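A.B. asks: Give me a 3D structure for the following:
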Amino acid sequence: MTTFNPTVTGKRTVNLTRYTAGSYVNGSYVDGSTTVTPIEVNYQPANEEILLQLPEAERSRDPLVVYTSEVLKTVDKDSNLAADQIEINGSQYKVHKVARYEMGVLDHTKAIVLRVQT
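C.D. replies: The predicted model follows:
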């Protein structure tokens with residue numbers, strides 16, 4: 001099985017922040033804990049086709065397309081899990097949409113990420 005090799009297309013090491021499930025304590029929601037892991041990615045600006053798939057309000061959030069061999073996660077409301085976040089050039093980006101490709105040749109994740117507004 002061949003996996004995605006970001007050295008072929010250029011790579012950057014970024015920090016991936018993953019959240020554990022939050023919970024309710026005495027009626028108040030408490031965020032889960034986080035882990036930060038360095039991962040290798042290739043990222044590109046979103047093209048016009050991808051921009052048109054996004055809701056209009058999200059098009060201005062500096063959408064990027066990220067390729068990596070890691071599994072990235074979007075928000076999971078059923079499990080109270082927040083979406084993964086990636087730090088790129090000093091800005092935090094939330095994983096918005098994910099497609100995982102596992103064909104045995106160049107296995108990888110393609111994700112659309114949106115800059116987190118502060």
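
A.B. asks: The residue nearest the centre of the chain and Asn26, how far apart?
C.D. replies: Nearest to the mean C-alpha position of the chain, by C-alpha atoms, centre = their mean, lies Val95 at 3.1 Å. Val95 sits at a distance of 31 Å from Asn26 (criterion: C-beta to C-beta, to the nearest Å). Quick note: C-beta positions are derived from backbone N, CA and C, even for glycine.

A.B. asks: Tyr43 now?
C.D. replies: For Tyr43, the distance to Asn26 - C-beta to C-beta - is 41 Å.

A.B. asks: For the two, indicate the residue with more neighbours.
C.D. replies: Taking neighbours as other C-beta atoms under 10 Å, Tyr43 and Asn26 compare with Tyr43 leading, 21 against 5.

A.B. asks: What residues does the residue lying farthest from the centre of the chain make contact with?
C.D. replies: Note on the chain: the largest C-alpha distance from the chain mean falls to Asn26, namely 31.5 Å (C-alpha atoms, centre = their mean). If a contact means C-beta atoms under 8 Å, 6 or more residues apart in numbering, then Asn26 has no contacts.

A.B. asks: Let me see the confidence value for it.
C.D. replies: Looking at Asn26, its pLDDT stands at 93.

A.B. asks: Tell me how far it lies from Glu49.
C.D. replies: Distance from Asn26 to Glu49, counting by C-beta to C-beta: 47 Å.
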